[in-house]
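> For reference, the sequence and a predicted model appear below.
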Amino acid sequence: MKIESGIPLPARLSERVEVGPLPLGEMRVDDSIRVDAKNPRELDRKYHACRIRCQRFSKKPPRLKFKVAKDSDEKGPYLRIFRVRRTSRAN
C-alpha cells in the first residue's frame, strides 16, 4: 500500500454534523430539549442525526419513545426532541 497526502475527505464525510451528547436517558415524559442550527441545511442534517439517534436509543431497555420536530424562531432554526408516552398496542 502507498501512503498519500493531501487527499480531501469526501463531501458526505466532511459535512457531518456534531450534535453532541443528548440526555435521552434522563428525560421524563413531556420533557423536551432544543438543538439549535446555523442554517436550514444544518437543521436538516441535525434533524436526521437526532432522529436516528433517538430511534437507536429507543430500541434499548427501558424502550423510551421520542418525537423530533423542526421549527424556527427569532434565534434561528432549531429542532426539539420530545420524550413521549409509549402507547400500548392492542393485539
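Perfect, I can see it now. Numbers count the residues shown, from 1 in each chain.
> So what's the residue count around Ser58?
15 (other Cβ atoms under 10 Å). The way it works is simple: take the backbone N, C-alpha and C, and place the C-beta from them, glycine included.
> quick one: buried residues of the longest helix along the chain?
In the chain, with assignment by DSSP state H, the single longest helix is helix 40-57. If you call a residue buried by 16 or more other Cβ atoms under 10 Å, then helix 40-57 has these buried ones: 43, 46-47, 49-50, 53-54.
> and for that helix, what are the contacting residues?
Here helix 40-57 makes contact (Cβ atoms under 8 Å, 6 or more residues apart in numbering) with 15-17, 19, 22, 24-25, 35, 37, 64, 66, 68, 70, 72, 77-79, 81.
> ok, 7 Å please
Taking contacts as Cβ atoms under 7 Å, 6 or more residues apart in numbering, the residues outside helix 40-57 that touch it are 17, 19, 22, 24, 35, 37, 66, 68, 70, 77, 79, 81.
> Just after the least confident helix or strand in the chain by mean pLDDT, pick out the following helix or strand.
In the chain, no helix or strand scores lower on mean pLDDT, DSSP states H and E than helix 11-14, which sits at a mean of 69. Next along the chain after helix 11-14, taking DSSP states H and E as the criterion, comes strand 32-36.
> on that earlier part again, the longest helix of the chain to strand 32-36, inter-axis angle?
If you take axes from the mean of the first three to the mean of the last three Cα atoms, to 10 degrees, helix 40-57 sits at 140 degrees to strand 32-36.
> gap between helix 40-57 and the chain center?
Put simply, helix 40-57 sits 3 Å off its chain's centre (Cα atoms, centre = their mean, to the nearest Å).
> cool, stretch 31-43 as well?
9 Å.
> Quick one: end-to-end length of that stretch, please.
21 Å (Cα to Cα, to the nearest Å).
> What average pLDDT does that stretch get?
The pLDDT scores in stretch 31-43 average 94.
> Pull out the buried residues from stretch 71-78.
Buried residues in stretch 71-78 (16+ other Cβ under 10 Å): 77-78.
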